[in-house]
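Engineer: sequence and computational prediction follow.
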Amino acid sequence: MNEANFSDECILRLIKLPDLLSVLNALLGFSAILFVLADVSGGVSVSEKAIKNALVLILVAAVVDGLDGMVARNVECSPLGKYLDSLADMLSFGVAPAIVVYALLRTYFVYVHASAYAHVTLALCGAYVISGLLRLARFNAKSFFREEKVSSNDFEGFPITGSAIFLASFMLVFIELHLPFYPYSYLLIGLMGILCFLMTSRIRYRNIRDKRIGIPVGIVFFTLFLFYIFSLQFIYPALAVVTLTTFYILSPLVYVKKQKKFI
């Protein structure tokens, strides 16, 4: 479709199935934010149930995001697809996790009268949003530079979707285990800082489009959602998601080692 036809076309006619999935992704992220904001008590605290609901919606949004890409590659795509997908990712995996983390940590720090740490948390959550924004912008901008010889099997910086999945599943595990919040809160702050660095870094990560990876991961996510719906102990699938994401975060170490071995 040329530029003239694109500008004259009704936007609703441009929307394809992957775009509808992107819209659903954005609505899930928006709903996660609403769960947290609607439950805030006295402007400072939020219930555990609201946090859990928001985290599950973020993980469901990640599944929908994966389906979006699969449909776009194998069925159909539209001129809006790449941009709509990035905007939805920014909402569901950038803004939503940052708000959930801030609400959760602010509740704890206000409870222990540590207002200074609440300000640090606010700054770090802002840094997370900016890092995710930069990661998505770099990913989209690179498509304009055809001269760059980069394998389609990898990309720079840890994906924002992976960061959101890790944060959401990590918080779910600690909430479900009812572990002491004191060490957990500072560990969460540290992990957010690491994710900010990884998203904006030049570290290369393998693309996980391979069905050998995508199908097992999808099964784990689907199992987690079923456990949640039927009020089962979904600590186990949540722990599986944390473990899988941790391996993916550390995967460049193995990937680089293999590359050096064959040089």
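Structural biologist: Done, it's in.
Engineer: need the pLDDT of residue 103.
Structural biologist: The model reports residue 103 with a pLDDT of 89.
Engineer: so how far is residue 126 from it?
Structural biologist: 14 Å (C-beta to C-beta, to the nearest Å). C-beta here means a position set from N, CA and C on the backbone, and glycine is covered the same way.
Engineer: what of residue 31?
Structural biologist: 22 Å.
Engineer: with neighbour numbers in mind, choose between these two.
Structural biologist: Taking other C-beta atoms under 10 Å, residue 31 and residue 126 do not tie; residue 31 has more neighbours (17 against 13).
Engineer: so which residues of the stretch 151-263 of the chain form helices?
Structural biologist: Here the stretch 151-263 of the chain has its helices, by DSSP state H, counting those that start in this stretch, at 160-177, 181-200, 211-229, 235-262.
Engineer: what's the least confident stretch among those?
Structural biologist: Comparing mean pLDDT across the helices of the stretch 151-263 of the chain, the weakest is helix 211-229, with a mean of 62.
Engineer: distance of residue 49 relative to residue 184?
Structural biologist: 18 Å.
Engineer: neighbour count for those two, which is higher?
Structural biologist: A count of neighbours by other C-beta under 10 Å puts residue 184 above the other of residue 49 and residue 184, at 19 against 11.
Engineer: for the helix or strand where residue 30 lies, which positions count as buried?
Structural biologist: If you go by DSSP states H and E, residue 30 is part of helix 17-39. Using 16 or more other C-beta atoms under 10 Å as the test for burial, helix 17-39 gives 18-19, 21-33, 35-36, 39.
Engineer: rounded mean pLDDT for it, please.
Structural biologist: Here the average pLDDT along helix 17-39 is 91.
Engineer: what are the contacting residues of that helix?
Structural biologist: 46-47, 49-51, 53-55, 57-58, 60-61, 64-65, 67-69, 71-72, 75-78, 80-81, 84-85, 87-89, 91-93, 95-96, 99-100, 103 (C-beta atoms under 8 Å, 6 or more residues apart in numbering).
Engineer: put the buried members of these into a ChimeraX selection.
Structural biologist: Written as a ChimeraX command, the selection of buried residues from the contacts of helix 17-39, which uses 16+ other C-beta under 10 Å, is:
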select :46,50,51,53,54,55,57,58,60,61,64,65,67,68,69,71,72,77,78,80,81,84,85,87,88,89,91,92,93,95,96,99,100,103
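Engineer: how close does the nearest residue to residue 195 once chain neighbours are set aside sit to residue 56?
Structural biologist: Excluding its sequence neighbours, the residue lying closest to residue 195 (C-beta to C-beta, 6 or more residues apart in numbering) is residue 163, at 4.5 Å. Plainly put, residue 163 is 17 Å away from residue 56 if you go by C-beta to C-beta.
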